[in-house]
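# sequence? don't have it. structure:
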């Protein structure tokens, strides 16, 4: 623990700090998390019985950046007590130590646990306050983005498995106000952050309404009218797919300059670059398919929401077998951007056509059967222009929403910075200084440790009755006690 003089710890907003620069307000001190908390305590204060239920909290049950966790799942303790899970209890703070969960802000105060106890991910650090810091105060401090950025620089381990080490977290200094002021800070933070979250929720609702509006617009635009024809993709276009050159052939990949497109790039409206390349030899010797700019590509495979996405090539490229290349026949009076619009409007329907087991996929046969309503060419042009204008308007609204979201994030950061530099709530000279509380807690812990050691020493040195083994004991000696 340090006093309230000197430069501040991490937290002023610069990359190398963790609180405000300069001196701290009266009554505040700086202390490490290791001084304030038990870091990764061995277990529960009170072990539950086998038939008692506890909460189960995997990493997915901790929200990013909100400080909330879902502790509703309950399990019988006896069924899980021998598993390698992290034990924590009510009011502990859990801190995701692994990438990318730490950077995403999966940090929360445990609350609402079944029986006051939980079994959680092994990728949690657990912080149990010794009484000088409120768990909510500590949680909000760690949720600051710049605190997590600094922690990221101290992560160790291999790429994809990097973790914040326990010693770094234990040695991290934080500004500690008097306990009464911590209560006032937490109350003000909860109030103001709730207002920000309400605003962010409204922004999310607005985004969802815009997405729904655009989807409804597309569905309405492609609804057949009198005089429209209907053709299948197979009737009006050449449909084919590519292949994946043998992975073990370095001469198919090393130094390759031919763009090779996979379905992961089809989430964008246009494919303007490739992230993979193959050689001319691979093109000549394998079933990869070359396509010119203007070809429509439909994702037939793909996890998540990729399957069914349609994109237009703006480069000359080859594709793998997960992409269906669609080239509109010249004799059809049909704009390729109209076909693309239809495929986009029917995205969910096209996804539903997929067949297969664990990972349903589209096939070239299914793609060829997709129906396209065809208005006269001039009407296609008019409808496409209407959609483009409405989408431009929607894009402007998205831009405004994104700008407000950035402002909300900046407001959140400013609010937290004010909280941990003493600017959020007024100081009260009658509050007990944090240093006095810390000294008292330290003294109490020292007394407990000494008492525990005396009890252990007493048990070790207490005379014990000799144990006989049936062997004769020589006169004047005592049989050695078993170790």
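Thanks, I have the structure now. All figures in this text were calculated on a predicted structure; none of them were measured in a lab.
# alpha carbons only for contacts and neighbour counts from here, please
OK.
# Can you list the buried residues in the helix or strand of the chain with the lowest mean pLDDT?
Least confident element among the helices and strands of the chain, by mean pLDDT, DSSP states H and E: helix 434-461 (a mean of 82). By 16 or more other CA atoms under 10 Å, the buried positions in helix 434-461 come out as 434, 435, 437, 438, 441, 442.
# Which members of those residues are the farthest-apart pair?
The most widely separated members of the buried residues of helix 434-461, counting by CA to CA, are 434 and 442 (12.2 Å).
# hmm, back to that, how far does the least confident helix or strand of the chain sit from the chain's center?
Centroid separation between helix 434-461 and its chain, computed with CA atoms, centre = their mean, to the nearest Å, is 41 Å.
# helices and strands around that helix, which ones?
Helices and strands touching helix 434-461, as assessed by 3 or more CA pairs under 8 Å, 6 or more residues apart in numbering; DSSP states H and E, are absent.
# Now do the strands in the stretch 101-250 of the chain.
107-109, 117-120, 124-129, 173-176, 229-232, 237-241 (DSSP state E, counting those that start in this stretch).
# Partner strands of the fourth one, with direction?
Strand 173-176 has the following strand partners under DSSP bridges: strand 29-32 (antiparallel).
# what is the rounded mean pLDDT of the partner strand?
Here strand 29-32 scores 96 as its mean pLDDT.
# repeat for stretch 174-183
On average, stretch 174-183 scores 97.
# gap between the two ends of that stretch?
16 Å (CA to CA, to the nearest Å).
# Please apply the same query to stretch 300-316.
Stretch 300-316 has an end-to-end distance of 20 Å (criterion: CA to CA).
# Also stretch 247-254?
Span of stretch 247-254 from end to end, CA to CA: 11 Å.
# for that stretch, which positions count as buried?
Here stretch 247-254 shows 252, 253 as buried, counting by 16+ other CA under 10 Å.
# Also stretch 187-202?
188, 189, 193, 196, 200.
# tell me how far it is from the chain's mean position?
Centroid separation between stretch 187-202 and its chain, computed with CA atoms, centre = their mean, is 21 Å.
# Show me how this structure divides into domains.
Using automatic domain parsing, the domain parsing of the chain gives 29-176, 229-374.
# closest one to residue 453 among those?
The nearest among the domains of the chain, by CA to CA, is domain 29-176 at 18.7 Å.
# all helices of the stretch 51-200 of the chain, in order?
With helices called from DSSP state H, counting those that start in this stretch, the stretch 51-200 of the chain shows them at 77-80, 101-104, 135-143, 145-153, 166-171, 179-221.
# chain center to the second one, what's the gap?
Spelled out, it's helix 101-104. With CA atoms, centre = their mean, you get 6 Å for helix 101-104.
# Same question for stretch 411-426.
25 Å.
# Between the two ends of it, how far is it?
20 Å.
# and what of stretch 98-109?
The first and final residues of stretch 98-109 sit 18 Å from each other (CA to CA).
# do stretch 314-333 as well
End-to-end distance (CA to CA), stretch 314-333: 22 Å.
# Show me which positions of it end up buried.
For stretch 314-333, using 16+ other CA under 10 Å, the buried residues are 315-328.
# cool, and stretch 334-353?
334-347, 350-351, 353.
# what does it contact?
Here stretch 334-353 makes contact (CA atoms under 8 Å, 6 or more residues apart in numbering) with 215, 218-219, 222, 294, 296, 307-312, 328, 362, 366, 370, 372-374, 377, 380, 384.
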